[in-house]
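*Asks:* Got a predicted structure here, sequence first:
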Amino acid sequence: NAEVYWVQEEPFNQGSWSYVEPRIVTALKEINGVRPLYVGRNASASPATGNPAIHQAELDHLLKDAFDAEYKHTEWQWKLKDLQKN
């Protein structure tokens with residue numbers, strides 16, 4: 001009854017997810033048919049945000065998601081003004 005998570009810090013379109021996801025599905029098909037869940041950054045043209053505040057917000061969100069029992073992947077959107085400390 002376990003769930004399988006693939007956690008990566010790289011954006012969705014830049015890490016190993018697209019390679020391993022079908023292989024995990026095949027490996028689990030005969031065991032329990034569970035599909036792996038992706039936990040990581042949104043797809044992006046760049047591997048880095050270019051802003052330390054956004055990078056930290058994404059990392060914090062990624063780690064929270066990785067250990068959240070009710071996890072469901074959603075797109076993240078950050079506004080720099082919301083992340084900057086006053």
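*Replies:* It's in.
*Asks:* Could I get the full set of helices for this protein?
*Replies:* With DSSP state H as the criterion, the chain has helices at 17-29, 52-66, 80-83.
*Asks:* Mind checking those for the one nearest to Ala2?
*Replies:* Proximity to Ala2, assessed across these by C-beta to C-beta, is greatest for helix 17-29 (9.8 Å). Yep, even glycine has a C-beta here, placed from its N, CA and C like the rest.
*Asks:* which stretch in the helices of the chain is the model least sure about?
*Replies:* Of all the helices of the chain, the minimum mean pLDDT falls on helix 80-83 (a mean of 70).
*Asks:* what helices or strands is it leaning on?
*Replies:* Where contact means 3 or more C-beta pairs under 8 Å, 6 or more residues apart in numbering; DSSP states H and E, helix 80-83 is packed against helix 52-66.
*Asks:* Okay, buried residues for the helix it packs on please.
*Replies:* Within helix 52-66, the residues that qualify as buried are 54-55, 57-58, 62, 65, counting by 16 or more other C-beta atoms under 10 Å.
*Asks:* Can you tell me which of the residues you listed is nearest Pro36?
*Replies:* Asp65 (14.0 Å).
*Asks:* Spatially, and excluding backbone neighbours, which residue is closest to Leu28.
*Replies:* In space, not counting the residues next to it along the chain, Leu28 is nearest to Val34; the distance is 5.3 Å by C-beta to C-beta, 6 or more residues apart in numbering.
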